[in-house]
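[1] give the three-dimensional model of this entry:
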Amino acid sequence: MIKKFVALVFMVTLAVTLVPVAADAQSDAPMRRPHGQPDISGMFTFRTLTPYQRPRQFEDQETLTAEAAAEFEASERTRQNRDLFDPEAGARSAGYQPRSEGGVLSYNEFWYERGIDLTDDKRTSLVIDPPNGRLPPRVPGVRAPREQSEEAEDERNARRYDSYTSRSLFDRCIMGFNAGPPMSSGAYNNNVMIFQTADHVVILNEMVHNARIIPIDDVATPPFKQFSGVSRGHWDGETFVVETTNFRGGESRGTSPSKRLVERFTRINSDRVAYEYTVTDPTVYTAPFTVMMPFRRTDGPLFEYACHEGNIGMHGILAGARELERQGRRLRP
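    Predicted coordinates for the structure are as follows:
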């Protein structure tokens with residue numbers, strides 16, 4: 001009986017530690033942790049149908065009307081629906097080759113965790129600066145991977161099949177394609193758990209179960225590099241600011257390891273945390289750019305992303321490449 005009582009006390013204590021302090025949904029009073037800091041903790045999803053960059057069709061529109069937003073959301077749900085893709089003709093714009101070239105669809109639509117609508121303010125892009133909703137121009141001479149010449153692309157693709165060390169960090173289950181930092185809405189596993197103590201904030205992503213343990217204030221930045229960079233945080237009023245440098249590689253949006261990332265987390269109400277970040281990378285982009293996306297409270301648990309365990313995909317990729325080489329056929333991405 002004593003053991004059961006102790007276990008019960010432990011579970012209640014753990015729940016109180018991890019669950020955000022309750023706040024009246026109608027109250028404007030800021031949510032606070034027991035130690036007085038603003039409360040940004042909880043379980044959130046950052047999935048959204050809002051495009052990362054503003055589509056050309058909305059070139060002069062920062063936001064959409066309710067009617068236009070509903071029409072765009074419906075068209076996006078149809079366009080992205082994998083069950084509607086033609087496996088015979090293929091869908092190269094979505095990264096799939098026709099079946100005649102060995103292409104197959106990955107998952108059917110059941111497995112995707114797409115957004116169901118745009119941001120609350122119906123923005124046409126997650127990029128808010130530059131004001132045109134597009135990434136800034138690249139530094140002259142710096143090309144995006146998709147802009148490489150056909151010869152350079154063939155060489156790059158050939159190297160991708162040499163060994164498991166040539167595969168991406170995503171294929172190797174080291175980094176998630178949407179976990180960041182910075183985080184970005186993707187096809188699935190767009191969930192994150194934030195919990196905090198008086199001197200640390202932890203950001204645990206469902207994708208590849210990546211956890212960033214961020215010290216708060218007056219903590220020296222170590223000289224080594226990490227795939228997720230080295231993050232240090234501080235409070236700026238109601239906003240938790242995280243500055244990350246010392247990236248090792250695996251950057252998103254074509255950025256380089258020398259970039260500087262500043263993330264801002266601000267509690268809006270009991271159901272929302274505003275997530276905003278600014279990337280400064282003068283080796284790639286001619287100006288910084290800023291992105292804002294919503295964190296919406298979700299009641300679902302984080303599931304284990306068991307990627308390494310039984311990762312037969314890696315074996316299949318390399319075995320398929322060796323078979324194509326045996327047949328004298330061209331390797332494709």
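[2] any buried residues in stretch 114-127, and which?
    Burial within stretch 114-127, assessed by neighbour count using 16 or more other Cβ atoms under 10 Å, is assigned to Arg114, Gly115, Asp117, Leu118, Thr119, Lys122, Arg123, Thr124, Ser125, Leu126, Val127. The way it works is simple: take the backbone N, C-alpha and C, and place the C-beta from them, glycine included.
[3] ah, wrong one, I meant stretch 216-226
    Neighbour counts over stretch 216-226 (16+ other Cβ under 10 Å) mark Ile216 as buried.
[4] quick one on the thing from earlier: output the buried residues of stretch 114-127 as TSV; include the columns pLDDT, secondary structure and distance to Arg329.
    Converted to TSV, these look like this (pLDDT from 0 to 100; DSSP: H, G, I helix; E, B strand; the rest coil; distance: Cβ to Cβ, whole Å):
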residue	pLDDT	secondary structure	distance to Arg329
Arg114	82	coil	34
Gly115	85	coil	38
Asp117	91	coil	43
Leu118	93	coil	43
Thr119	93	coil	45
Lys122	97	coil	47
Arg123	97	strand	45
Thr124	97	coil	42
Ser125	97	coil	40
Leu126	97	coil	39
Val127	97	strand	40
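[5] of all those, which comes closest to Arg330?
    Of all the buried residues of stretch 114-127, Arg330 sits closest to Arg114, with 32.6 Å by Cβ to Cβ.
[6] can you give me every residue that contacts that closest one?
    Residues near Arg114 by Cβ atoms under 8 Å, 6 or more residues apart in numbering: Arg47, Leu49, Arg77, Gln80, Ala187.
[7] quick revisit: and the buried residues of stretch 114-127 as CSV, adding distance to Arg172?
    Formatted as CSV, the buried residues of stretch 114-127 follow (distance: Cβ to Cβ, whole Å):
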residue, distance to Arg172
Arg114, 25
Gly115, 27
Asp117, 34
Leu118, 34
Thr119, 33
Lys122, 38
Arg123, 34
Thr124, 35
Ser125, 31
Leu126, 27
Val127, 29
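[8] so which residues make contact with the helix or strand hosting Met292?
    In this structure, Met292 sits in strand 289-297 according to DSSP states H and E. Contacts with strand 289-297, where a contact means Cβ under 8 Å, 6+ apart, come from 42-46, 48, 50, 52, 119-120, 126-130, 135-136, 182-185, 192, 265, 270-279.
[9] return the subset of these lying in strands.
    Among the contacts of strand 289-297, DSSP state E puts 42-45, 127-129, 192, 265, 272-279 in strands.
[10] how about the strands in the stretch 201-333 of the chain?
    For the stretch 201-333 of the chain, the strands defined by DSSP state E, counting those that start in this stretch cover 211-215, 230-236, 239-245, 260-269, 272-280, 289-297.
[11] let me have those in JSON lines, adding distance to Asn178, mean pLDDT and mean neighbour count as columns.
    Below are the strands of the stretch 201-333 of the chain laid out as JSON lines (distance: least, Cβ to Cβ, whole Å; pLDDT from 0 to 100; neighbours: other Cβ atoms under 10 Å):
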{"stretch": "strand 211-215", "distance to Asn178": "14", "mean pLDDT": "94", "mean neighbour count": "16"}
{"stretch": "strand 230-236", "distance to Asn178": "17", "mean pLDDT": "95", "mean neighbour count": "17"}
{"stretch": "strand 239-245", "distance to Asn178": "16", "mean pLDDT": "96", "mean neighbour count": "19"}
{"stretch": "strand 260-269", "distance to Asn178": "15", "mean pLDDT": "96", "mean neighbour count": "19"}
{"stretch": "strand 272-280", "distance to Asn178": "13", "mean pLDDT": "97", "mean neighbour count": "19"}
{"stretch": "strand 289-297", "distance to Asn178": "11", "mean pLDDT": "95", "mean neighbour count": "20"}
